[in-house]
Structure formats: structure tokens, C-alpha cells
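A.B. asks: got a sequence here, can you model it:
(chains A and B)
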Amino acid sequence: MHIVMTLLKRLIYAAILLTAVLVLNFSMMHFAPGDVADTIAASMGGADAETMAQIRVEYGLDQPFFVQLFAYIGRVLSFDLGYSYFYNTPVTELIFERLPATLLLAITAQVLAVVVGVLLGVFSARHPNGIANYFVTIFALFGYAAPVFWTGILLLIGFSLKIPLFPVAGMSDVTVQGGFFVKALDIAHHMVLPVLTLSSIFLALYSRLSRAAMLEVLGSDYIRTAKAKGLSNREVTLKHALKNALPPVVTLAGLQFSAVISGAVLVESVFSWPGLGQLALTSILARDTPTILGILFFSALVVIIGNLVTDLVMRLIDPRVRGHA
Amino acid sequence: MTKHFKSLLAATAVSTIMAFSAQAEEPVRGGTLIHTLYDTPRHLNPAVQSGIATGAPGAQLFAAPLRYDENWTPQPYLAKSWEWSNNGLTMTLKLVEGATFHDGAPITSEDVAFSIKTVQENHPFKTMFAPVTSVDTPDPLTAVINLSQPHPALLLAMSSHLLPIIPKHVYGDGQDIKTHPQNSENVVGSGPFKLVEFNRDQNIVLERYDDFFMEGRPYLDRVVYRIIKDASARTISLENGEVHMSTFELTTRNIQRMKKNPNLTVTADGYAAVGALEWLAFNTGSEGPVSDKRVRQAIAYAIDKNFILKALYQGLATEAKTGIHPGSPFYDDSVNAYEIDLDKANALLDEAGYAKGADGTRFDLTIDYGSVAAKPQAEFIKASLSKVGIKVSVNSFVDFPTWAQKISNYNFDMTMDSVFNWGDPVIGVHRTYDSNNIKKGVIWSNTQQYSNPRVDELLNEAGKEIDPEKRKALYAEFQEIVAEDIPNYFLNTSPYHTVYNSKVGNPPLGIWASGSPYDRVYLKE
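C.D. replies: Below is the predicted model:
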């Protein structure tokens, strides 16, 4: 019963949030200087006054703000995200073309960051004064502090140019022919550098957090008891300590999912990854309001779902959460 | 047996040698050319979408009546002959026989008439076909274009991606051509390559059209445009050989880097018709000091153009003294280039009545710039003008629409801008100086609000002068007056470069760069 109530509450919040996302961003796009008629003119190397006026009439940009806003919200309520002004294509089609690429990149990077981050954190917590600990700290801080595009270009120079192991750009090679397995391998090959770049930012967060949590747990009484019982170090760390150190990491991972998605925007432009991030950037610069709102709508949805999943996972791993709701 | 073997060996050797010597000149059939594009085109139909992003694949998908060589001489393409008559009021095109669209249907004069009408009604460059009153089609291979006044720009307007011949039976089906679904998918073209797939932000894959009307062409089996927006990533992909060729490369640092690579050729050839120029534009209609011609001249005298060319562009851009690209036959380099002269600048400012104040400042101005790349120029101009007592504040670039709104609504003193000639002056030059084209809210119209009746007259005359020498003289006078009136201080050509791998044969070094057909491009080995 509890879980149903929670879900219901969450759904209502989600609806409010999504409406706010749409209204706020619609207003922001509307009041930004210039519109899609200007950017279409730019893409064509110039335009005459009639063409620009015609574009504005076609897309209803000559209507008052509230008329445009309500028309848009009305369309969204009937599950219609509209047409992209710039690409003349249904927004949902544009988004579903890209969503898989972004999710693949973001989820892989997130999983890698959590797993490697926790391993590094546990390792350095067990050897708090070792050289390796300092190495982990420096490595993590470096990843966190370095700008994403810089890390990306650095990896490209290192592993695409100097040691040509990985391709420079894109998600797949059109000249590669073959079955599902060959194509999957090709995508995996293209994914290595973007995933490393994106996870490098978040690796630091998870390793620092899990290190702190582990240090706290390792100092507690029941760990001493477990040790006194004669359990091996390995068992103590993995079975007793890590289990209790994980909840904060999972919470953070859930919260950070939106950050991973926004980090993907930068990574996608460096590696020409054909995801939502690139589309978002182009749409903002092109003042392509329906597309950008569609993307924000979907990313908000993804984040809401991400948070919901985090809550459910927390219920699984932390019995204390199950009591409250 | 041995004898036989020997002669066989000799024959093989001879043929190998022949093959080798032939290989040096003879193009090879086959291969996939990997090309970069710096952005995703809106769609692939150049009849209703101009610009370089659509133009590159557009010139492969669609053939035009004419093509141009590197000396600005028109060459037959879909039209085997073209002829002026009736004092320049009629143009007769004879089409090649046996040319077909990618769906197999024959290309006829009806399609040419339909294409001209479509471009005339929908293309943003209205001046290209404005004087066309009708197109007659006496037989399937003859198109007669009737004009209301002589229109020498017609020839260039019929080349490259400016006049793609599109099938009437596909694009004339009653749907709005600007949003026609077959602009992006299932494109039915007339050019050397046909569309296989178009994945936005990923790639455009083209395949050889086997029934192309030019025997044995194209040489390549496939052209793949990979969309890579990041200039550094494009550089690396050229350096490691992942990509064969890139055009419209603009960043100095990357170009210099690629010049050092022995496998790459870097050249500025091929951009004469595109004609991209960079200049400092003045709002001559403002109420501030820049409305005074003497102030504008003084500003030009205070700027050391050589610093921009040698230091900021490291020699990659060439000086452009007028609003016509130096690669154009109409360029006149005898005009005043405003070599740096601070004394003259100070004298002109004094004469204009702007004496130096107690703090050495005469007046304040603002400078905008239309792309991130032009920031160093704006900063340099600010520093230069402070030497003659003009205090300049630089308005940071936010994004294109923000800048375009500001400039086209005349909320500026000075701005750095880059504008393309697009072949004939009628298409890309007149728009900046013609006082009839002062159109509020339209970027790259006459946003300087420049008005000189003599200039209007000259442009009008030059636009319909059929005699090339007389036309040249009219444009020379126009360039002289504009240099004197200085609505724009002309700086340099945009440093566009083509970079290609040593495997590429016949790279596009004509006047339209990547906007020309790639039927002659081939891959060595």
C-alpha cells in the first residue's frame, strides 16, 4: 500500500515538474533575442524580408506570447510535441533517433563511474595512508577538475592520433558491414573514449564518497566485532562494511544522473556522438523552440524515472528506508 | 616453357610500367571518399535551401545546367550549349541527350523550367532569377529563358548548387516544396551520386549513380560525408587518416598544424565564387560619430591591417580591399586601402569636430562581432582606436540570433562581419550597398544603412550590362566610391581552406570548393 501511495505522489509531482519545465523554458526561448527565421536565414547565407516574414507566419511566431504558449501546451497535452522548425521533422522522431545514443553513453558512463569509483574508494579506505591512496585521490580530483572537452581532446590526441587505437568521431563506421555482433562491436569501439571522458568527472565523486563512507563504517563497533569473530579482512570489507557504505553512493548516483545527462552534451559535441546533447545544442543556437522543449521534456522524464529507480533500489539495499515513505 | 615464361614476365612488366605511368595521370575507378561536413544540413534540396552545408551534398545529388572551371569560364554540364540572343533578353539552353534522374525518368526542359521557377519562388537569393519572365520548352531538350532585362548573372546562377535540376514529377506533386518529405529522404536527384542514407549529426551516404549522363563518371563508388562539428576532432580525423578531405576549415591553429603533416595538402584555392569576406561594418545611419565619413576614414587609418593578416591570421588570409572578393574578375585593387597612418587619422577626427578631451578621449564607440572567431579582431580594433582617442567597448558575442537581431535593427556602432559574394556580384554584393535593400530586421541586407544614389545607379547598370569589359568598369567605379564612403572597412578574405589526404585525386579546387560536382574526384591506389 505504501509503495502505491509513494508512486502516486511521485506521479503528481512529476506532472507539476514537467509543466513547469515546459512553461519556463518556453518563456526563456521566447524572450531570447532572435528567432528561427534569423537562424534559417543564417544557414542560407542570407534571406529577403518576405521569406523571413513568411517563416514567422508559418510557425505562428507572429502571434502574441500567451497564444503561442497555450497552443503549445495544448498540443503537448494531446501527446504532440510538434514539428521542428529547423529540420521540418516531427520532434518525437528527432528525439527517438537520438535518445538511445545518449542513454547508451550516459548509462554506461554512470555504471563505470560507480563501479570503478566504489572500488577505488574501498581500496583507498583500506589503505588510508598508503601511496596508492594519494594516487587515487589525485587521479580522482584531476578527473573532477579538468574540463570535459579538454579531457576529451586529450584522450583523442593520445589514443586516436599518437596511438591510433580508437576512432575520432561518431558512433559507428558506415564502411563496416556485418551482422548484429559486428555492428555492436563497432559501436563499442567508438564508445570507449566518450565513456571514459564522461565517467572521469563522476569517478571522483563516487570514489571520494565511498572512501569517506567506508572509513566511517570501518571504524564502527560491529566491524571490530566481525574482526574479533575471526572473519577475513576481505569478508569484513565486502560483506559487512561495503553493504553499509553503499546507500549514500546510490543516493548520489541517482541525484547525479541528471548531471551525467548534461555532461553528455559536452562529450557528445567533442566526439560527434549523435545523441540528444548535440541536438539540444543545435536547437538552442537555432532557436528551434519545439525541438528544445521536446528534449527538455524527455530529459526531465528520464531524470524523474532515474530518481524513482534510485528510490526503489534504496528500498532493496537499505531496510531502514522501507519503514518511511 | 622458359621462353614463354620470360615473355610473359616481360609482358607483365610492360603492362605494370604502363599501369604505373598511367596511374600518375589517369583517375582510378572505385573507392569510398570520406569527407567531413561541419554541420548537419537542414535538408538536402539546394533549390530551396542555400548555404554550404546543403550545397556540398546538394552538388553531388543534383546536376546544374552549367559548371565552372577555376578561371571562371562556364563549362557544359547538363546543358551542352547556351546562347544569348535578342540583345541579352533570351537565353537558349540545349540539354544533353540521355540524361536521367535517379529514378530513371529522362531529364527534360520541363524539369529545367520547373527548377528555375522553384528557385525563383523559394530560394533566398531572389536576385538570381528575378528578371526571368518565363521559360519556354519548344522541345524536350531545349529550354528558352525569357528575361525582362539583360541579366549577365544568369550564367553563374545556373551553376553549381544554385540551380539544381530537380524532377518535376517528384517535387511538383503539389506539396509545399520547402517542407517536401523527399528533401531529406528518398531524394530523387540528377547528379553523379544518389542518396543512400542521411543520418542527422552522423553522416550522409551517397552512392555512384551508374546511369549518370557523363560516360565513365563519377570515378568514386561512394561519398560519405561525416558530420563532425568540432574543429579539433576534424583535424585529428584528417591527421590519422580516418577522413580523406575537409573543406571550409577556418581555425588558424588547426590549419597551421595540418600544414605540417606530410600526408595532407592544405590549400586556400577553390573559394573564389564563395567569396567570403571579413570587414568592419559601420552603422552609417546612426546618430553617433560613425555617421560621419571622416570618422569612418579615420578609424580605417588607425587600424594596422597587416597585424590582422600577419599576426592574427598568420598569413592564412589575404587582403581584400573592396566588397568584391579578390578572386573575382570584377575585383579592383587600385582603390584606397587605408594603410595605417595615425597622423591622418587624428587630423580627420579633428576636422570632423571631435577634439580630444582632457583625458585624451574624443568619444566612445561600441564594437560587436558576428562569430566567436572574430573576437581577437574586435579586441585589436579596440586597442588600435584608443591610440587616436576613441574609446571602444567590446560587446561579447552571445550567439548568432542575438547578434543578428541587434545588427539588423541598427543597434550598433561598428561590427565585425563576414559576408559571402556567392559568385556574381548581383547575388552577394549588391545587397550590402543598394539603398533599396535597407531592410530592418533582415541580416546581411544593407544593415549599414548606406545610401548613395550614384552607387545605386552603378549597381543597377552593372546588373544588366552584358559586355564584360563595360561591366567591369562599372564595378570599378562602384568599388572606388564605396572605398571613399567607407560604409565598411574591408579587411581580408575569410581564411577558408581545403585539406585533403595525398590519396585524393582532382580535389575540388574550382571556384565553388565543395559545392561543385565530385564526378572527377578519385582515390589513388
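A.B. asks: in chain B, which residue sits closest to chain A?
C.D. replies: Across chain B, the shortest distance to chain A (Cβ to the nearest Cβ) belongs to B:Pro401, at 2.4 Å. The C-beta positions use only the backbone N, C-alpha and C, and glycine is treated the same way.
A.B. asks: does that residue lie in a helix or a strand, and which?
C.D. replies: In this assignment (DSSP states H and E), B:Pro401 forms part of helix B:400-408.
A.B. asks: can I get the CA coordinates of that helix in PDB?
C.D. replies: Extracted C-alpha coordinates of helix B:400-408, given in PDB (Å, rounded to 0.1, in the frame of the first residue of the first chain):
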ATOM      1  CA  PHE B 400      24.100  34.300 -33.800                       C
ATOM      2  CA  PRO B 401      20.400  35.200 -33.400                       C
ATOM      3  CA  THR B 402      21.200  37.700 -30.600                       C
ATOM      4  CA  TRP B 403      23.800  39.400 -32.800                       C
ATOM      5  CA  ALA B 404      21.700  39.300 -35.900                       C
ATOM      6  CA  GLN B 405      18.700  40.900 -34.100                       C
ATOM      7  CA  LYS B 406      21.000  43.700 -32.800                       C
ATOM      8  CA  ILE B 407      22.700  44.500 -36.100                       C
ATOM      9  CA  SER B 408      19.700  44.200 -38.300                       C
END
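A.B. asks: helices or strands up against that helix?
C.D. replies: helix A:36-43, strand B:363-369, strand B:414-420 (3 or more Cβ pairs under 8 Å, 6 or more residues apart in numbering or on different chains; DSSP states H and E).
A.B. asks: returning to that earlier point: okay, now the residue of chain B closest to chain A: neighbour count?
C.D. replies: 23 (other Cβ atoms under 10 Å in any protein chain shown).
A.B. asks: can you check B:Pro329 too?
C.D. replies: Counted with other Cβ under 10 Å, B:Pro329 comes out at 12.
A.B. asks: next one: B:Asp341
C.D. replies: 14.
A.B. asks: for the closest residue to B:Leu312 other than its chain neighbours, grab the count of nearby residues.
C.D. replies: On the basis of Cβ to Cβ, 6 or more residues apart in numbering or on different chains, the spatially nearest residue to B:Leu312 that is not a chain neighbour turns out to be B:Pro376, at 5.1 Å. B:Pro376 has 15 neighbours, counted by other Cβ under 10 Å.
A.B. asks: wait, B:Pro376 touches B:Phe307, no?
C.D. replies: No - between B:Pro376 and B:Phe307 there is no contact under Cβ atoms under 8 Å: 10.2 Å.
A.B. asks: just name the shakiest helix or strand of chain B by mean pLDDT.
C.D. replies: None of the helices or strands of chain B scores lower by mean pLDDT, DSSP states H and E than helix B:2-25, at a mean of 46.
A.B. asks: picking up where we left off before, nearest to B:Gln479 among the helices and strands packed on helix B:400-408 would be which one?
C.D. replies: In terms of Cβ to Cβ, the element of the helices and strands packed on helix B:400-408 nearest to B:Gln479 is strand B:414-420, at 15.1 Å.
A.B. asks: what is the subsequent helix or strand relative to the closest one?
C.D. replies: helix B:425-428.
A.B. asks: who's in contact with that following helix?
C.D. replies: A:45-46, B:125, B:127-128, B:151-153, B:156-157, B:162, B:275, B:324, B:328, B:330, B:419-422, B:459, B:462-463, B:475 (Cβ atoms under 8 Å, 6 or more residues apart in numbering or on different chains).
A.B. asks: circling back: measure how the helix holding B:Pro401 sits relative to helix A:36-43, angle-wise.
C.D. replies: 90 degrees (axes from the mean of the first three to the mean of the last three Cα atoms, to 10 degrees).
A.B. asks: of all the residues in helix B:400-408, which ones are buried?
C.D. replies: B:400-408 (16 or more other Cβ atoms under 10 Å in any protein chain shown).
A.B. asks: ok so, going back, just after the least confident helix or strand of chain B, pick out the following helix or strand.
C.D. replies: strand B:32-37.
A.B. asks: packing partners of the helix or strand following that following strand?
C.D. replies: Scanning forward in sequence from strand B:32-37 by DSSP H and E, the next helix or strand is helix B:52-61. Contacts defined by 3+ Cβ pairs under 8 Å, 6+ apart place helix B:52-61 against strand B:32-37, strand B:193-199, strand B:203-208, strand B:222-227.
A.B. asks: ok, 10 Å please
C.D. replies: helix A:36-43, strand B:32-37, strand B:193-199, strand B:203-208, strand B:222-227, strand B:245-249 (3 or more Cβ pairs under 10 Å, 6 or more residues apart in numbering or on different chains; DSSP states H and E).
A.B. asks: ok, back up a step: ok, the residue nearest to B:Leu312 touching B:Phe397?
C.D. replies: No - here B:Pro376 lies out of contact with B:Phe397, judged by Cβ atoms under 10 Å, at a distance of 11.9 Å.
A.B. asks: identify the contacts common to these two.
C.D. replies: Contact with both B:Pro376 and B:Phe397 is made by residues B:369, B:416, according to Cβ atoms under 10 Å, 6 or more residues apart in numbering or on different chains.
A.B. asks: so who does the closest residue to chain B within chain A touch?
C.D. replies: The nearest approach of chain A to chain B comes at A:Gly34, 2.4 Å away (Cβ to the nearest Cβ). With contacts defined as Cβ under 10 Å, 6+ apart, A:Gly34 is in contact with A:42, A:285-287, B:398-406, B:408, B:443.
A.B. asks: ok, now with 6 Å
C.D. replies: Residues counted as contacts of A:Gly34 (Cβ atoms under 6 Å, 6 or more residues apart in numbering or on different chains) are A:287, B:401-402, B:404-405.
A.B. asks: quick one: closest of the helices and strands packed on helix B:52-61 to B:Glu287.
C.D. replies: Ranking the helices and strands packed on helix B:52-61 by proximity to B:Glu287 (Cβ to Cβ) places helix A:36-43 first, at 25.0 Å.
A.B. asks: what's in contact with the closest one?
C.D. replies: A:47, A:52, A:55-56, A:85, A:286-288, B:42, B:51, B:400-401, B:404, B:443.
A.B. asks: which residues of the chain score low on pLDDT?
C.D. replies: Picked chain A for this. Applying pLDDT under 70 to chain A flags residues A:1, A:322-325.
A.B. asks: wait, chain B was what I had in mind.
C.D. replies: In chain B, residues with pLDDT under 70: B:1-25.
A.B. asks: got the residues of it near chain A?
C.D. replies: Neighbours of chain A within chain B, by Cβ under 6 Å from any Cβ of the partner chain: B:42, B:50-51, B:124, B:126, B:179, B:201-203, B:205, B:224, B:228, B:230, B:232-233, B:236-237, B:239-240, B:242, B:399-402, B:404-405, B:420, B:439, B:442-444.
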